[in-house]
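Colleague: below are the sequence and a predicted model for it; my questions follow.
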Amino acid sequence: MNTCVYSSFVFLLNTFLSYIYKDYVYSILFLILWLTSYHYHTKYTPYTKQCDQLAIFAILTYGGYVLLNKCSMEKKLMTFLVLLTLFTSIYLYKNQCQDPDEQKANKYHSLMHFISSLGHSLIVAM
């Protein structure tokens, strides 16, 4: 089975972490992302891809909003680490996840799931 199916479960950690921090919007968005990611990686269709992309857009938008409201001079390191995970995820998606070798591309995509999950966990914990 595709490694991305398993790595999608990391978004459930974000769901629970956001819930613990009482950010219920983030929690619901991550639950939706887990569902769309899991379905997309088990059934590749234009519809599941579009749903997953919509969930990703919602997470990025809300995460950016939360980051802008939480960042301050005292939180420079955390903000830097969040931005580092964002740019690393973008790099992986554009350069490695499109590899013609499907297994290699899926492994990089799985890595991207973990890195993006870490970045959003940092935002929640700020």
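Modeller: Good, I have the coordinates.

Colleague: report all helices and strands that the helix or strand encompassing Thr88 contacts.
Modeller: Assessed by DSSP states H and E, Thr88 sits inside helix 76-91. In this structure, helix 76-91 packs against helix 102-125, with contacts taken as 3 or more Cβ pairs under 8 Å, 6 or more residues apart in numbering; DSSP states H and E. Backbone N, C-alpha and C define where each C-beta goes, glycine included.

Colleague: ok, 10 Å please
Modeller: Counting by 3 or more Cβ pairs under 10 Å, 6 or more residues apart in numbering; DSSP states H and E, the packing neighbours recorded for helix 76-91 are helix 46-70, helix 102-125.

Colleague: just name the most buried of these.
Modeller: helix 102-125 (a mean of 19; mean count of other Cβ atoms under 10 Å).

Colleague: the inter-axis angle of that one versus helix 76-91?
Modeller: Taking axes from the mean of the first three to the mean of the last three Cα atoms, to 10 degrees, one finds that helix 102-125 is oriented at 160 degrees with respect to helix 76-91.

Colleague: what about helix 102-125, average pLDDT?
Modeller: Averaged over helix 102-125, pLDDT sits at 96.
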